[in-house]
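Trainee: pasted the sequence and its predicted model underneath.
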Amino acid sequence: MAKMQPFWYFLKPPLLKQTLPVLNYVLETDQWEKYGVDPWLNINDGDTNAIGDHSLYGGLIQSYFNFSNTTVKTPTVVKFGITARSAGYYGRCIVYLWDGSTWTAIATCHFSDGYETLEFNVESLLNTQAKINAARLKLVSYAINYGLDAIMVTYAYLYVEGYG
Ligand SMILES: [Ca+2]
């Protein structure tokens, strides 16, 4: 027997929720340490496949990463997530996202011991399906305590809610 749906079910498409992990890496500026297999940030697997910076002054650039595509045509919530840990006093990096035409610094991340995930709302930047699907990620390490700050990053993704 067919499942009955309320009348309003047919008026509004279902809300889609999609996690779009890093898909691949395009070599542009390659300055971070690499551990494991390219593209390192596609799976949340700790130090196994990760990138890091233990350099004295930070400022190292790793770009760029592409994300998986979304089928959401009308995004309502778009977040960027990054999973990293300190490998020293603090782990710090600046996150840049490409929207198809420009790079924007969306956050300076601070990580302590042990992997944790930080999320940032980016729907003001990535406000269309085209921009989400054009998005690229660039990470720049950032050290305040010279010689003490160090970072390991293992996972990055976009999270999208909206209607197809
Ligand atoms: Ca990883």
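Mentor: Noted; the coordinates are in hand. Numbers count the residues shown, from 1 in each chain.

Trainee: which bits of this structure sit near the ion?
Mentor: Taking Cβ under 5 Å from the ion as the criterion, the chain approaches the ion at residues 43, 45, 49, 154. C-beta: built from backbone N, CA, C; applies to glycine.

Trainee: dump the residues you listed to JSON lines, plus pLDDT, secondary structure and distance to residue 161.
Mentor: JSON lines is the format used below for the residues of the chain next to the ion (pLDDT from 0 to 100; DSSP: H, G, I helix; E, B strand; the rest coil; distance: Cβ to Cβ, whole Å):
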{"residue": "43", "pLDDT": "98", "secondary structure": "coil", "distance to residue 161": "22"}
{"residue": "45", "pLDDT": "98", "secondary structure": "coil", "distance to residue 161": "25"}
{"residue": "49", "pLDDT": "98", "secondary structure": "coil", "distance to residue 161": "27"}
{"residue": "154", "pLDDT": "98", "secondary structure": "strand", "distance to residue 161": "24"}
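
Trainee: narrow those to those that are buried.
Mentor: Applying a neighbour-count criterion of 16 or more other Cβ atoms under 10 Å, the buried members of the residues of the chain next to the ion are 43, 49, 154.

Trainee: now do the contacts for the second one.
Mentor: When the contact criterion is Cβ atoms under 8 Å, 6 or more residues apart in numbering, the partners of residue 49 are 35, 36, 37, 40, 41, 42, 43, 154.

Trainee: got the buried residues for stretch 134-150?
Mentor: The neighbour-count criterion (16+ other Cβ under 10 Å) identifies 134, 135, 136, 137, 138, 139, 140, 141, 142, 143, 149, 150 as the buried residues of stretch 134-150.

Trainee: does the third one really touch residue 80, like I thought?
Mentor: No. The pair residue 136 and residue 80 does not pass the contact test of Cβ atoms under 8 Å, sitting 11.5 Å apart.
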